[in-house]
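Q: Give me a model of this one.
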Amino acid sequence: MNCSRAMMEAAAKLHAVRLVKSPIGQPGKYRKTLESLQLKKLNQMQFMKNTASVNGKLQQVIHLVDVKPLSFKPDMQPRPGQPIVSDDGVILGFTEEQFLKYVQEGAK
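A: Residues are numbered from 1 along each chain as shown. Reported below is the predicted structural model:
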């Protein structure tokens, strides 16, 4: 995640973060960081805003997670049974505001 300031300014506003490696055998500090990011199970995905505090937490556990920037294609609708988020981090059928509202409603 070593990026220049220009890249950070042009970076995506949201990231898809997936836990890809188990925290078993890792120091407690990393497990607490994953817990604060709400990543508890392998392959669990969370959507995070690109903020300094979240980026600092991700930097600590970058060896345990996969981070992809999200982009939006509201004009393309997903096919039935197709996930809303593609493997390359493109969200189909939603604008950023609609997606944030969708994610927040799912968390309740």
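
Q: In the chain, where is pLDDT below threshold?
A: 1-12, 78-83, 106-108 (pLDDT under 70).

Q: all strands of it, in order?
A: 14-19, 45-49, 65-69, 71-73, 90-92 (DSSP state E).

Q: Quick check: which of these is nearest to residue 38?
A: strand 45-49 (5.5 Å; Cβ to Cβ). All C-beta atoms are positioned from the backbone trio N, CA, C, and that covers glycine.

Q: what angle separates the closest one from strand 65-69?
A: On the basis of axes from the mean of the first three to the mean of the last three Cα atoms, to 10 degrees, strand 45-49 is oriented at 50 degrees to strand 65-69.

Q: Make a markdown table out of the strands of the chain and add distance to residue 55 and mean neighbour count.
A: A markdown table is the format used below for those (distance: least, Cβ to Cβ, whole Å; neighbours: other Cβ atoms under 10 Å):
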| stretch | distance to residue 55 | mean neighbour count |
| --- | --- | --- |
| strand 14-19 | 9 | 20 |
| strand 45-49 | 9 | 16 |
| strand 65-69 | 9 | 17 |
| strand 71-73 | 18 | 16 |
| strand 90-92 | 20 | 18 |
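
Q: Sounds good, over and out.
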